[in-house]
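**Q** Take a look and give me a structure for this.
(chains A, B, C and D)
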4 protein chains.
Amino acid sequence: MNASNSSDHPLRVAVVGATGYAGGEVLRLLLQHPAYLQGKLSIGALMAGSSAGTSVAEAMPHLPQLAHREIEASDIDKLREHDVVFLGLPHGHSAVIAQQLPEETLVIDCAADFRLRNAEDWEEYYGGTYAGSWPYGIPEMPGGREAIAKSKRVAIPGCFPTGATLALWPAVASGLIQSQINVVSITGVSGGGKKASVGLLGSETMGSLKAYNTAGKHRHNPEIVQNLCAVGGKDIALSFTPVLAPLPRGILSTATALLADGADEASVRAAYEQAYADEPFVHLLPAGQQPQTQSVVGSNACHVQVEVDNKAGTVLLTSAIDNLCKGTAGAAVQCMNISLGYEETAGLAIAGVAP
Amino acid sequence: MNASNSSDHPLRVAVVGATGYAGGEVLRLLLQHPAYLQGKLSIGALMAGSSAGTSVAEAMPHLPQLAHREIEASDIDKLREHDVVFLGLPHGHSAVIAQQLPEETLVIDCAADFRLRNAEDWEEYYGGTYAGSWPYGIPEMPGGREAIAKSKRVAIPGCFPTGATLALWPAVASGLIQSQINVVSITGVSGGGKKASVGLLGSETMGSLKAYNTAGKHRHNPEIVQNLCAVGGKDIALSFTPVLAPLPRGILSTATALLADGADEASVRAAYEQAYADEPFVHLLPAGQQPQTQSVVGSNACHVQVEVDNKAGTVLLTSAIDNLCKGTAGAAVQCMNISLGYEETAGLAIAGVAP
Amino acid sequence: MNASNSSDHPLRVAVVGATGYAGGEVLRLLLQHPAYLQGKLSIGALMAGSSAGTSVAEAMPHLPQLAHREIEASDIDKLREHDVVFLGLPHGHSAVIAQQLPEETLVIDCAADFRLRNAEDWEEYYGGTYAGSWPYGIPEMPGGREAIAKSKRVAIPGCFPTGATLALWPAVASGLIQSQINVVSITGVSGGGKKASVGLLGSETMGSLKAYNTAGKHRHNPEIVQNLCAVGGKDIALSFTPVLAPLPRGILSTATALLADGADEASVRAAYEQAYADEPFVHLLPAGQQPQTQSVVGSNACHVQVEVDNKAGTVLLTSAIDNLCKGTAGAAVQCMNISLGYEETAGLAIAGVAP
Amino acid sequence: MNASNSSDHPLRVAVVGATGYAGGEVLRLLLQHPAYLQGKLSIGALMAGSSAGTSVAEAMPHLPQLAHREIEASDIDKLREHDVVFLGLPHGHSAVIAQQLPEETLVIDCAADFRLRNAEDWEEYYGGTYAGSWPYGIPEMPGGREAIAKSKRVAIPGCFPTGATLALWPAVASGLIQSQINVVSITGVSGGGKKASVGLLGSETMGSLKAYNTAGKHRHNPEIVQNLCAVGGKDIALSFTPVLAPLPRGILSTATALLADGADEASVRAAYEQAYADEPFVHLLPAGQQPQTQSVVGSNACHVQVEVDNKAGTVLLTSAIDNLCKGTAGAAVQCMNISLGYEETAGLAIAGVAP
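**A** Numbers count the residues shown, from 1 in each chain, chains lettered A, B, ... in the order given. So this is what the prediction gives:
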């Protein structure tokens, strides 16, 4: 099915895990999607676990267009009646649902279930049964867009891997940096999800900075390495340090590595210019201007910068994304657009809600 | 000129004061406006004072679509070549420019110059020459939409008056509250503008709450009173307390007044249901749910609630808006849509960027 | 027992509910108390419910001096061995413990159990068995200091009542305002406590403002009315609107009322000058300067301002406190100081941690 | 002069640059210093540039004890009458003043003027005349305390160098890490000072993360390298990335480097245990617990953690400080205490103001 050819009924889209932050952001984006506004795409079932039975007005007051809709419990039979299913569930749950959906249903998973190509990585970092892997939802990686376009299944990347990969892959792919790579990624608190927990209370997070899941423990480690290897990286040794910071949305990723022999700022810069020249969402900033997360809030944009420290012999690669949008739900809608043949930018903002 | 009939050339839109927060928000909204996306509306001159000569990339990195555009100095001749001019200047400057623009140019002023109908109010609160008044940019007030539709000049309200008026006018118009009205409006810091000042530094505003321009000193006082009188309020005695809070965007307005004889929660609620039943942007929340500013960030929505305190004999009327969007630039684009005959919601989000 | 006479053993102080925000703040203050630093006061049992068995290092990493101490389960026999017991428990729990402690133990309750003098108020707002009332922990109210000095039991006020009462009582006591009083109090999120809940997540509270427990529903309503009546207020009709704002600590209270006949700004100001002239912690700011919560963070200070709006005929009374310090634990230590005969300001900062 | 021997008059302490954040924090700490509370230390002249003539009430409302004091213009003759002078000025100004003060005056400089031992570093990073170097105000570095104790001149380190050095020096000194070191330090906005600037507005900093002065450009680069070389580091190649985050106070420093041959987590941990075993302010956290800045706000503490990533072959060294306290003014008071023979912790909190 190609969206532009859709005939007699509007596309039916369901969201499972609708009341989480990923699900809510998918809905926010669909509500401003031209296909929705023109009646060619309809928002069908909204399913969730513990919040089943509540109204959208109560669970997601920022979506008044859906205020009177009710959140339903998960129901595979009902899901089968949809053309597109977004999954915004904790990892481990997506695979179970996905396996019961028809092949022709477009299934877009925002969880980790189908991201890793290596079963051992899955077992080490997630545990439980390995479900396999799907085409990976970073269209801006080499071959990424094409794989998504051909698939009815897409695995949306983790938010940190999206930021780190967009900051790093052109340098890795062109062999301009060495393989010992240090990434420090600072994230807003919505990355922690909408589950009640003391550590994510406003009182604990406002006015504070804290690294967590450090020194190889974070589940996004193998995913970042996988992405860098996919573009030709060899013997990647990744030190990844996630830091929690007091803002709702946004990830600033800083990556450093030693320059490869013969590389310099001009050659690195050229690699990024080439990689992102035609990308609608990824923007290499003018030299001297560092990305800021504020510029991409609410948008599907990723801002990137490249800079060489000649004294240290290192290159600094930075990126800013909105973790819920380009880092999750925006990528999901972008991949839906690609898979269905919509305009890739449909429903997705390029400009950020700043200040 | 009616937009839907626009013929051979796209509408040319200029923004003066383009690098301020109001101007930047107008641009953000235009960039996602369907007329812009379809090539029927073009973004022309971007003018500003002290930032003339800089690039948009530098001044407004959140707008990558315009990154290579340069900010120009104000130039009346050039402005005359546009069909629509948005003014986002400090008060006192708009009138000078407006008077030099052709009658057929749609001029939308985000400053205070043309808001007040009473010259004495102007002199007391602003000083300098009184420039007169234009149709007032709250389409949701009685007669508001019609006046805007007929006019080539619109005065966009102050952000506090928008929040307070939408919270209060149905109760005042229906005579359900007494005339002694107490408004406390809590605002994010972008309301203070983009000018360097110690009092608005992050260090001074994060982690702090402070009332300011209290006890009748704030310039929005007479504008709120004017709006309440316009719907039939008599002898309005307004105590207005603005409070600065540590968030970038958002105004929460709380208004209290004694119930009029015979009024009760049901009658007040009914007045709001009727007033806002068909409004695309103003939403009376289900009973028991208070508005939160997060729900309207980046959107043109206004959430409203009504509640009676039987012990105190008072009614509490609350509203949440995004001060830069529904409170300024969103209202400006909404009024442009009305005046030009576009769909009123074109380019404007109803769902907020939450969390 | 009088502290200055304490003889052979240091005073033993216990904290029950030690890992909550109130308990943690009591400990922070005790650790900088001169009696503690001089070895005359020792920190004994640290008790809690669900966090029993954890170390202080884990539960309260901001208190490195106690890092190796372990949180114990509640144990009345052990509590009896202490000279001072601070209770930082949810309401309903304090009364049960207090009744089992010896009369000579100084018991300071940070919960609501003993605040209300009217059993009906208790039943309406809290429910369950009414436990009676204790001397009330606002030393700055008329007669407050004396009652505390004579007592081995002190009920520490709620944080909102502290801010509102210090802003209002001199005006009420001197008959300078009318009895219809409107209070809007804006609070940081630590007022919501340290229990996991979705509504208090950083994602839900940063970047948002929201009123809650409005229109007479908040439990602090009857306590504020009680305080105003205690200083002579009659027929007080209170509209109280608490608002949650994105900062960790701080309450800004704004109170408005019509001026009484014959009152003006000078007379109101004089009442406050007289009321607070000798108070170490309550400061009437110079005319024209509004309180800001940043100025009192981490301190036991309360900043107050008085201003008349002649057009509206109203007076605006504002105060800023740190809800966890002057609003809870600071008041608790201040009352301990008074009851034990220490210097009233011992261990308590007057200067705030700004910016 | 030794403080404990001070005879007939209290020590007179002056603060120049009193209204900046460093100066204000020095004052906040002095006001709770036991010598001040006991009348043995008096706060003398408060001098500043553009704010001369204003009251403390206006310039620093968080210091009510000094509310009625007036800020004076700089006056060398008056400064000479003081025993201790704290300088909280922009770099370049301290040297001019310091050279005119008597040798016996204890001068503590919070600016950069006397930090660097290498004139070439000064010229490259600051420019203008190099003024020489003074004993360096990190007592916890090897030999640091002794040098300060003997001196009447102390150069207080930059805030980033304090955080990075306390995180790194034990590993460097013991040869347990390789010389290619990557530091990412995330700071609150008060590090940017109290001067009006658009980039530090609340609107620009709340809800945003941004790296700045990256790739070797930050002035603290040579100072960090100097400190690591001072403890035996050789051929240090430092990549330093400062990041601005939305909180008022706090620096979280993350440092990574390859482990040296033969080193492992146990040996690195042992080096830190030994280095900080007797330090009152520097705390190595229990294994598995990462520092958070909230825990040190308002205190002079530094929390440190050590962790090895065996897959990457790297060690992660993290620290949290309050940039205005341990990072500036707290260190200044600590050094005053050491130089004057006071208890080193006098007037300085170890517990942080959390949450």
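**Q** wait, residue A:320 sits on residue A:295?
**A** Yes. Residue A:320 is in contact with residue A:295 according to C-beta atoms under 8 Å; the separation is 6.6 Å. Where C-beta positions appear, they are placed from N, C-alpha and C, glycine not excepted.
**Q** Need the residues touching each of these two.
**A** Both residue A:320 and residue A:295 are in contact with residue A:303, where contact means C-beta atoms under 8 Å, 6 or more residues apart in numbering or on different chains.
**Q** These two: which is more packed in?
**A** Between residue A:320 and residue A:295, counted using other C-beta atoms under 10 Å in any protein chain shown, the more crowded position is residue A:320 (34 against 26).
**Q** Rounded mean pLDDT for the strand or helix carrying the more buried one, please.
**A** According to DSSP states H and E, residue A:320 maps onto strand A:314-321. When the per-residue pLDDT values of strand A:314-321 are averaged, the result is 98.
**Q** any residue of that strand up close to chain D?
**A** Yes. Shown here: strand A:314-321 in contact with chain D (C-beta under 8 Å from any C-beta of the partner chain) through A:314, A:316, A:318, A:320.
**Q** Relative to residue A:85, how far out is residue A:44?
**A** To residue A:85, residue A:44 is 9 Å away according to C-beta to C-beta, to the nearest Å.
**Q** between these two, who's got more neighbours?
**A** Counted by other C-beta under 10 Å, residue A:44 and residue A:85 do not tie: residue A:85 has more neighbours, with 24 against 19.
**Q** Which element is encountered next along the chain beyond the helix or strand where that one lies?
**A** Taking DSSP H and E as the criterion, residue A:85 maps to strand A:84-87. Past strand A:84-87, heading to the C-terminal end, the next element that is a helix or strand (DSSP H and E) is helix A:93-98.
**Q** for that following helix, which positions count as buried?
**A** The neighbour-count criterion (16 or more other C-beta atoms under 10 Å in any protein chain shown) identifies A:93-95, A:97-98 as the buried residues of helix A:93-98.
**Q** Now that we're looking at residue A:78, what pLDDT does it have?
**A** Predicted confidence (pLDDT) for residue A:78: 97.
**Q** who touches residue A:162 in this structure?
**A** Contact partners of residue A:162, counting by C-beta under 8 Å, 6+ apart, are A:138, A:302, A:321, A:326-327, A:331.
**Q** Can you tell me which of those has the most neighbours?
**A** Most crowded among the contacts of residue A:162, counting by other C-beta under 10 Å, is residue A:321 at 36 neighbours.
**Q** in chain A, what residue sits furthest out from the centroid?
**A** Distance from the centre of chain A peaks at residue A:311, with 34.5 Å (C-alpha atoms, centre = their mean).
**Q** OK, contacts around that one?
**A** Neighbour list for residue A:311: D:216, D:221, D:237-238 [criterion: C-beta under 8 Å, 6+ apart].
**Q** what residues does the stretch 51-200 of chain A put near chain C?
**A** Along the stretch 51-200 of chain A, the residues adjacent to chain C under the rule C-beta under 8 Å from any C-beta are A:188-190, A:192, A:194-198, A:200.
**Q** let's see it at 10 Å
**A** By C-beta under 10 Å from any C-beta of the partner chain, the residues of the stretch 51-200 of chain A that approach chain C are A:51, A:59, A:61, A:188-200.
**Q** any idea how far residue A:333 is from residue A:320?
**A** 19 Å.
**Q** For the stretch 201-350 of chain A, just list every one of the helices.
**A** When assigned using DSSP state H, counting those that start in this stretch, the helices of the stretch 201-350 of chain A occupy the ranges A:202-205, A:221-230, A:265-276, A:330-340.
**Q** same deal with the stretch 1-150 of chain A?
**A** A:21-31, A:34-37, A:56-59, A:76-79, A:93-98, A:119-125, A:144-149.
**Q** what sits up against the fifth one?
**A** Translated: helix A:93-98. Applying C-beta atoms under 10 Å, 6 or more residues apart in numbering or on different chains, the external contacts of helix A:93-98 come out as A:16-17, A:47, A:49, A:74, A:76, A:79, A:85, A:87-89, A:105, A:107-114, A:128-132, A:134, A:153, A:155.
**Q** how is chain A carved up into domains?
**A** A:11-156+A:328-340, A:160-321 (the TED database).
**Q** Pick the most deeply packed of those.
**A** Mean neighbour count, computed with mean count of other C-beta atoms under 10 Å in any protein chain shown, is highest for domain A:160-321 among the domains of chain A, reaching a mean of 23.
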